[in-house]
Every structure is written in structure tokens, then in C-alpha cells.
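Visitor: Predicted coordinates and the sequence they were generated for:
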Amino acid sequence: MTSTLDSTTTVLQALRGNRADRPTPRVGDSAILRAALEDSLYAIVGPQHFFDPLVLRSQDLRFEPPVLAENAHSFARVRGILMHHALRLLSVGYSFNNPYEELLAAWRCEAGENELLAFIDHLDGEDQAKFATEIAAHTTALRHGLGAFGSSWSLRSTVRVANLLCAGAVAVRDTIDLSIDTIGNGANSTVLLDLTTAPLDETSEKTLRFHALNQTLRTGVTPLRSAVLSTATGEQIVREVSIDLLTQAVADVLEAAERKCQK
Amino acid sequence: MTTLTTSFVSPGALDQVLDSAPDVTTEIASEQRNSLAERFRAVSLPSHRRLDAWMVERASTHVTPFRWSPSTARRVLGNATLRYRLAHQVSAMAALDEVVVDHLSRAATGYARRGSLSSWLSELSTAQLALVTSDALNWSHSLEEVARSVEGGLVEVADSDAYYDVATARTTLRGRRDLLVTKDEKRTIIRLRSGAPGRTAGAGLRADLTIDAFSRPDGRAANQIIGVWPDAGLLLRVEGSLDDIKAGAKDLLRVANLQHTTFYQRPLAS
């Protein structure tokens, strides 16, 4: 894994690259990848999943889920949710005064009351203050790491993907944190971004590939680049989406399906 | 027999489906309107009710009460944004600002009903409003992508959904429609959907097609309805044949019947 910690290039600059170098959109990959996935997946899942689809998500790409204490797990989940909300707000030009309070309010408006919000509401003053500082730090890292959005860009945050394979026996679900393209442009300008509040590791490359594969299957057009940004360290990985990268993503999905079926 | 066809989203796929619209246009006669009204009257409820495709799709399961949220507001705001953007040639963000300001001023001047979108938007904080904006922009971009993928023909963002009041049956039918495409004199309704199509997705589209046909004074049904599920990369098409419209009406009646049965089987309050 090669990640970059470069304060001069923001992840958006790296993702968009030079406008003049953008190739024409690739449209042939989707059918090849779908065929490769369906052939191998059917052999793995068999006919027993037709009424109870096997659901594969990006977390299934991990060999072992991270082991955290119960509280730490809740904090990590809330941090992740709030940072995704921060990205959504930044994508429409919102500027934060008190990130913690504003993000909680935004989340409450969307999700209503839930277990995780109750967990946050029951924290004592000291824990609340510590967590608020942490969220403010992640928001600052996110703002600096992202850079500025172009006015002509078509931004879509929290893009949900549900690719149905093998006649619905397998559902590959994904959420791409940010997808950017330029409407009406003849060149391939679609780029994808994943946001994580943890430091980057080997799984980050898999996640980035997983997003590229899902976007290709969903739209029939291969995206230009895919990236991961960590708000914990400011590191970023940016990859050009090639057929080799997508083939590797197919292998990751098959490996995850096999592992999940064995359980 | 109903005609449901599926295809994967890819450049040119929507155009292919649009071009393959059937040539025959079905017309609803006044006897058919009367027959529908009679059947709905037979299963009416003491209070007024509104039926739509969502209820057809979820007929057997519990439907949670409606509440405004960024995801329930995005379609109304997103469609209005694209309509404004196409009419005034401004950026999507500027169009959405206009749409939201219009809602907020309606609430501020006292023209918004309690529980309406305008009144809900006026109660939100700036951060919450930004989240609503972000969801509506996503919807508007997806709809614009679909609209721009149509080569030739006239593409319009629907001014409103289709409503049909069933005579003396205290029932209003609501058919959702996002884009209206007229190509080679054939009319197609396009619906943008989120998630992945379930087993009842075809029935939902059929219900929307039926309601649209009944809502038109001339009773002319669209030649086809296409559901676009961008999340799943799928297109589903139902043709506007008489069989499909009859099946759509039967599905709506089934929901009305279910509501009637549930209402009259409930224990009386003591």
C-alpha cells in the first residue's frame, strides 16, 4: 500500500487531475465484469440463496473485523456517521461554527431518535467535550484534505449502490461517500471518494477498488479515479481505475463471498 | 398478460427502451371510469383516503406513518430544482436555493399549512437545511442525468403528480411521475426510484401508469412507463396496454379492499 501525506495536493485536486488528460468514457468493462462475477459467484453460492440473497458489503472484504471495546465501538460508529454528514454538508458549501453540535443536529433530523444518539446524549460533560474536540479535529482535517469544490462539478454524496447478481441471489451493496462528475462533458470525469476516520491500511485499497467496481456495474461506465481519504491522519490514496484494478476488485468480492458462505 | 421488461443501465440503454415503445395507445372509456368508481364505492371507508403505488407495493406490510426528512423531501425539491434549472438555465445549486427560498417565504407569509414541506423546512436549523439541500441535489443530478441521456424527443419534468378523484368513493389516487418524454408522438412516463427493485416493483409502475391514464380528461394512457433505479443500475418498463391498465386498477382495488377489511374487522372502541 502506498499512501500519500501531501499538504500541497488536496484529494479533490488529485482526483480531478488535469482536465486535458481525461480519456473518453470506457463502456465495455461492465459487461465483462458482470459476466466474470456471475459465473464465479453462482459456483460459490449455489441455488440456496434465491429466496435469501447473500449480501456483500465493503466491510465483508476485511478478513477479521476490528476488535474494539463496546464504548470505543460506539464512538467509532458515531464519529464515522458524523464525518459522512460533514462531507455532505461541505459538498453544498456549508461552513461550520460548532461542528459537533451542527452535525448532531443534522443527523438527528435525518435519523430521528436512535440507539447511538441516545448513547451520545447520555455521555457526561467531560466525555461530551472530549468527543466534541475530536469531531472538530476530524472536520478540520476533512476540510483541509478535501480542498475546494468546483462550481461546475456535479456532486453526489452518500451514493447508495445495490447491484443484484445471479438473478438476485447475491446483492452487492455499497455506499460511495462522494461521486463527482461533470454533466454534459464528453470526457470521462467521474471520480469517487471514500472517507474513513481510521488510519489507512491494506483494506483501504480494497474499499477503493470495491467502489470502482460497483460504480462500473451500476452505470455501465468505468469511473476515472477512485480515492480514500483518512481524517485521522490526512493520508490519501488515489488510483486510476484500470481493468486490472477492476479485475482485482472482482477477486476481492469472490474471496469475500467464499468466506461468508463458509461461515 | 402484463409486459414487464428489464435492462441494465448503460449509455444508450434508456434510448433503446424509449424507441421500443408500443405504437398502440390505450384509451379509458367512461364505462371503465364508472366501473372503477363502483368498485371503489363498494369498499369505501368512512373517511377520505389516498392510494398510491407505494401502497400497492407494500400492501401486505406495515407502512410507518409519514414524516418529513431529508430523504422524503428530496424528490419534491429535486424535481422542482431541475424544472427551475431547465427553465432559467442556472446552476443546480442556484436553482435549489430559489426553490428552498420559495418554500421558506411561503411559510414566513403564513401560506404554508401545518405539516407541509414549507412549514417543516422553516423549522430547520441551517445545518439541517444544508443536509436537506445535499439530498435534494443528489436527486436532481440523478434526474438530470436521466433526462440528458434521452436523444431527441421532448423531455419535461412533470409539473405535478397525477391525481384522480374516484367519483363518490371518498378516494383519491395519486400517480407519481418524474419525467415525461414525448418521442415520435409516443408518450413515456419516467419514474426515478431509489434502492433496488423488489418483486412488487412492476405492480407499482403499473399503478402509476393506470392513475396517470385515469387523471387525463381524454383518458389516453401513456405508451409506456419506465422505472429507473440508478442505485441498482436497472430499468424496468411496463407497456401501456389495456391489460396492464386493468391489472393496475385491480392492484389499487386490492389495497382498498384490504383497508376496508382491516377497518371493519377492528374491535369497536368501548
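Guide: That came through fine. Residues are numbered from 1 along each chain as shown, chains lettered A, B, ... in the order given.
Visitor: Show me the helices in the stretch 101-250 of chain A, by range?
Guide: A:115-121, A:125-146, A:202-219, A:243-262 (DSSP state H, counting those that start in this stretch).
Visitor: just the stretch 151-270 of chain B next, same as before
Guide: B:201-215, B:242-265.
Visitor: Can you tell me what sits against the longest one?
Guide: It stands for helix B:242-265. Here helix B:242-265 makes contact (C-beta atoms under 8 Å, 6 or more residues apart in numbering or on different chains) with B:1-3, B:26, B:28, B:36, B:39-40, B:43-46, B:49, B:51, B:55-56, B:59-60, B:171, B:173, B:203, B:206-211, B:213, B:221, B:238. Backbone N, C-alpha and C define where each C-beta goes, glycine included.
Visitor: same thing but 7 Å
Guide: The contact list for helix B:242-265 (C-beta atoms under 7 Å, 6 or more residues apart in numbering or on different chains) reads B:1-3, B:26, B:36, B:39-40, B:43, B:45, B:49, B:51, B:55-56, B:59, B:171, B:173, B:203, B:206-207, B:209-210, B:213, B:221, B:238.
Visitor: Can I get the buried ones among these as something I can paste into ChimeraX?
Guide: Those of the contacts of helix B:242-265 that count as buried under 16 or more other C-beta atoms under 10 Å in any protein chain shown are selected in ChimeraX with:
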select /B:2,26,36,39,40,43,49,51,55,56,59,171,173,203,206,207,209,210,213,221,238
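Visitor: What about the contacts of helix B:242-265, which are in strands?
Guide: Mapping these onto strands (DSSP state E) picks out B:Arg49, B:Leu51, B:Thr171, B:Leu173, B:Val238.
Visitor: Model confidence for the closest residue to the third one other than its chain neighbours, exactly?
Guide: Once flanking residues are discounted, B:Thr171 sits nearest to B:Phe40: 5.0 Å by C-beta to C-beta, 6 or more residues apart in numbering or on different chains. Per-residue confidence at B:Phe40 stands at 94 (pLDDT).
Visitor: One more: A:Arg19?
Guide: So A:Arg19 comes in at 82 (pLDDT).
Visitor: Quick one, which of the helices of the stretch 101-250 of chain A gets closest to chain B.
Guide: Smallest distance to chain B across those (C-beta to the nearest C-beta): 3.9 Å, for helix A:202-219.
Visitor: Could you dump the ones in strands among the contacts of helix B:242-265 into TSV with pLDDT added?
Guide: Shown next, in TSV, are the ones in strands among the contacts of helix B:242-265 (pLDDT from 0 to 100):
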residue	pLDDT
B:Arg49	89
B:Leu51	92
B:Thr171	94
B:Leu173	96
B:Val238	96
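Visitor: Out of these, which is nearest to A:Gln59?
Guide: Nearest to A:Gln59 among the ones in strands among the contacts of helix B:242-265: B:Val238, at 36.3 Å, using C-beta to C-beta.
Visitor: show me what contacts the nearest residue to that closest one once chain neighbours are set aside?
Guide: Closest residue to B:Val238 apart from its sequence neighbours, by C-beta to C-beta, 6+ apart: B:Leu205 at 4.6 Å. For B:Leu205, the contacting residues are B:Arg191, B:Ile225, B:Gly227, B:Leu236, B:Val238, by C-beta under 7 Å, 6+ apart.
Visitor: if we can go back for a sec, could you tell me the least trusted of the helices of the stretch 151-270 of chain B?
Guide: Among those, helix B:242-265 carries the lowest mean pLDDT (a mean of 91).
Visitor: tell me the contacts of the spatially most central residue of chain B?
Guide: When C-alpha atoms, centre = their mean is applied to chain B, the residue found nearest the centroid is B:Arg176 (1.2 Å). For B:Arg176, the contact set (C-beta under 7 Å, 6+ apart) comprises B:Asp52, B:Ala53, B:Asp161, B:Arg191, B:Asp208.
Visitor: please redo it, this time with the cut-off set to 8 Å
Guide: Here B:Arg176 is in contact with B:Asp52, B:Ala53, B:Asp161, B:Ala162, B:Arg191, B:Asp208 (C-beta under 8 Å, 6+ apart).
Visitor: Would you mind measuring from the fourth one to B:Trp120?
Guide: Taking C-beta to C-beta, to the nearest Å as the measure, B:Ala162 falls 24 Å from B:Trp120.
Visitor: again, but for the third one
Guide: Distance check for B:Asp161 against B:Trp120: by C-beta to C-beta, it reads 19 Å.
Visitor: Show me which of the two is the more surrounded one.
Guide: Between B:Asp161 and B:Trp120, B:Trp120 has the larger neighbour count (other C-beta atoms under 10 Å in any protein chain shown), namely 21 against 18.
Visitor: Quick check: what element follows the helix or strand encompassing the more buried one along the chain?
Guide: According to DSSP states H and E, B:Trp120 maps onto helix B:117-122. Downstream of helix B:117-122, the next assigned helix or strand under DSSP H and E is helix B:126-148.
Visitor: Buried residues, that next one. List them.
Guide: B:127-147.
Visitor: which parts of the stretch 1-150 of chain A sit against chain B?
Guide: Contact residues (C-beta under 8 Å from any C-beta of the partner chain) of the stretch 1-150 of chain A with chain B: A:25, A:27, A:30, A:34, A:85, A:88-89, A:91-94, A:102-103, A:105-106, A:109-110, A:112.
Visitor: Many thanks, I have nothing further to ask.
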